[in-house]
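K.L.:
Okay, predicted coordinates and the sequence, questions at the end:
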Amino acid sequence: MKVKDIIKKLKELDLSKYPKEEIENLIKKVGKMGFILVTFHRGKSVMRARPNYNGERFSKKSDFSFKPQEYNKTYQRASTPNQTMFYATSVPEKIEQGELDNTRIIGVAETIPILRDKTKSGYQKISFGRWYVKEDIDLIAIIHKDTYLKESSYTEELVNAYYKFIEGVPKEIVDRSLEFQTFLADEFAKEDINEDYDYMISAIFSEMAIKNRVDGIIYPSVRVGGKGFNIAITPQATEKLGLYVAGECSIYKLKDHTVVGNDAIIQLDGNQDSFELVDIENHKKECLMQLGVNSIEELTNE
């Protein structure tokens with residue numbers, strides 16, 4: 001079956017029926033493909049973000065890690081109900097002038113839905129864990145999205161590396177790889193998500209990919225327009241990471257204006273399983289003043 005026919009069948013599937021086996025079988029029919037493998041070396045940092053609800057405060061390394069499998073019930077962009085993943089944000093080592101260099105911004109955009117709507121206001125606590133790589137992590141790169149090509153010099157670098165890599169590869173494999181990866185990139189870049197099944201194709205591809213001795217996937221962040229990157233790695237691969245900083249912040253949002261206040265932080269040695277965050281100077285009043293309001297109630301009632 002030709003790749004274009006496989007893609008057509010995948011696009012025609014009624015995802016609301018959760019056709020997992022059909023998706024798997026169609027992806028398998030694509031055959032051999034070439035991908036760029038990105039390796040995060042020792043010392044590389046990634047940031048994991050997690051919203052706090054109902055006054056909760058996180059105090060364990062596991063709180064800043066992947067969702068336990070028993071609570072993993074839905075499809076996400078790179079994980080299935082059968083395979084939980086550790087999600088984090090990343091920026092390249094080399095940042096060109098004007099490019100996004102803050103992993104925390106990506107994390108906030110990915111995890112707090114109201115930030116995507118300029119008409120909404122509100123308040124949200126969010127926690128961050130900065131993890132550092134202790135042992136090489138290998139990731140399949142999903143980067144063939146034309147829309148994002150100029151958004152990050154790193155994306156452009158990966159694309160150029162891919163074209164250099166495929167020189168000398170049989171044309172049949174090259175054409176097949178490019179066509180299917182373009183389709184995959186579109187799936188990873190979906191913005192209009194209404195139900196978890198909208199993620200099924202990218203999630204099932206990810207589940208299948210990690211069976212090929214890789215630690216996970218790296219792909220451009222939709223929520224920051226491809227200016228930063230997300231990674232999704234297996235729970236086993238988190239053993240190659242150490243948690244060195246944990247913190248808690250407050251997000252104050254008045255329509256299209258957002259202010260972030262730091263509430264607590266702790267430096268760690270990468271091995272502690274439990275700890276207590278240390279409160280720092282409260283910036284609540286200053287943050288609210290920047291927005292021109294007097295209280296959180298004013299924000300939540302906007």
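P.N.:
Noted; the coordinates are in hand.
K.L.:
all contacts plus neighbour counts: C-alpha atoms, from now on.
P.N.:
Noted.
K.L.:
any weak-confidence spans in the stretch 1-150 of the chain?
P.N.:
92-104, 144-150 (pLDDT under 70).
K.L.:
repeat that for 80
P.N.:
91-116, 143-150 (pLDDT under 80).
K.L.:
ok, which stretches of it are helices?
P.N.:
3-12, 20-29, 103-111 (DSSP state H, counting those that start in this stretch).
K.L.:
who does the last one touch, helix- and strand-wise?
P.N.:
Spelled out, it's helix 103-111. Helix 103-111 is packed against strand 45-52, strand 86-90, with contacts defined by 3 or more C-alpha pairs under 8 Å, 6 or more residues apart in numbering; DSSP states H and E.
K.L.:
closest to residue 37 out of these?
P.N.:
The minimum distance between residue 37 and these falls on strand 86-90, with 15.6 Å, by C-alpha to C-alpha.
K.L.:
Show me the contact partners of the closest one.
P.N.:
With contacts defined as C-alpha atoms under 8 Å, 6 or more residues apart in numbering, strand 86-90 is touched by 45-49, 65-67, 103-104, 106-107, 228-235, 238.
K.L.:
hang on, the earlier thing: quick check: which of the helices and strands packed on helix 103-111 is buried the most?
P.N.:
strand 86-90 (a mean of 25; mean count of other C-alpha atoms under 10 Å).
K.L.:
Next, the angle from that strand to strand 45-52.
P.N.:
For strand 86-90 against strand 45-52, the angle by axes from the mean of the first three to the mean of the last three C-alpha atoms, to 10 degrees is 120 degrees.
K.L.:
Dihedrals phi and psi, residue 121?
P.N.:
phi -130, psi 160 (degrees, to the nearest 10).
K.L.:
Out of the helices and strands packed on helix 103-111, which is closest to residue 272?
P.N.:
Here strand 45-52 is closest among those (C-alpha to C-alpha), at 16.6 Å.
K.L.:
before we move on, the earlier item: if we compare the helices and strands packed on helix 103-111, which one ends up closest to residue 8?
P.N.:
So among the helices and strands packed on helix 103-111, strand 86-90 is nearest, using C-alpha to C-alpha, at 29.6 Å.
K.L.:
Quick one: distance of that closest one to the chain centre.
P.N.:
Strand 86-90 sits 5 Å away from the centroid of its parent chain (C-alpha atoms, centre = their mean, to the nearest Å).
K.L.:
ranking the helices of the stretch 1-150 of the chain by burial, who's on top?
P.N.:
When you average the neighbours per residue for each of the helices of the stretch 1-150 of the chain (mean count of other C-alpha under 10 Å), helix 103-111 leads with a mean of 21.
K.L.:
May I see the helices of the stretch 1-150 of the chain arranged in JSON lines, with distance to residue 175 as well?
P.N.:
What follows is the helices of the stretch 1-150 of the chain, written out as JSON lines (distance: least, C-alpha to C-alpha, whole Å):
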{"stretch": "helix 3-12", "distance to residue 175": "9"}
{"stretch": "helix 20-29", "distance to residue 175": "15"}
{"stretch": "helix 103-111", "distance to residue 175": "33"}
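K.L.:
Of the ones you listed, which is nearest residue 185?
P.N.:
Short answer: helix 3-12, nearest of the helices of the stretch 1-150 of the chain by C-alpha to C-alpha, at 12.4 Å.
K.L.:
Show me what the closest one is packed against.
P.N.:
helix 20-29, helix 171-188.
K.L.:
Using PDB, write out every CA atom in that helix.
P.N.:
This file holds the C-alpha atoms of helix 3-12, laid out as PDB (Å, rounded to 0.1, in the frame of the first residue of the first chain):
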ATOM      1  CA  VAL A   3       2.000   5.900   1.800                       C
ATOM      2  CA  LYS A   4      -0.500   8.400   0.500                       C
ATOM      3  CA  ASP A   5      -3.200   5.700   0.700                       C
ATOM      4  CA  ILE A   6      -2.200   4.900   4.300                       C
ATOM      5  CA  ILE A   7      -2.300   8.600   5.200                       C
ATOM      6  CA  LYS A   8      -5.700   8.900   3.600                       C
ATOM      7  CA  LYS A   9      -7.100   5.900   5.600                       C
ATOM      8  CA  LEU A  10      -5.700   7.400   8.800                       C
ATOM      9  CA  LYS A  11      -7.300  10.700   8.100                       C
ATOM     10  CA  GLU A  12     -10.600   9.000   7.400                       C
END
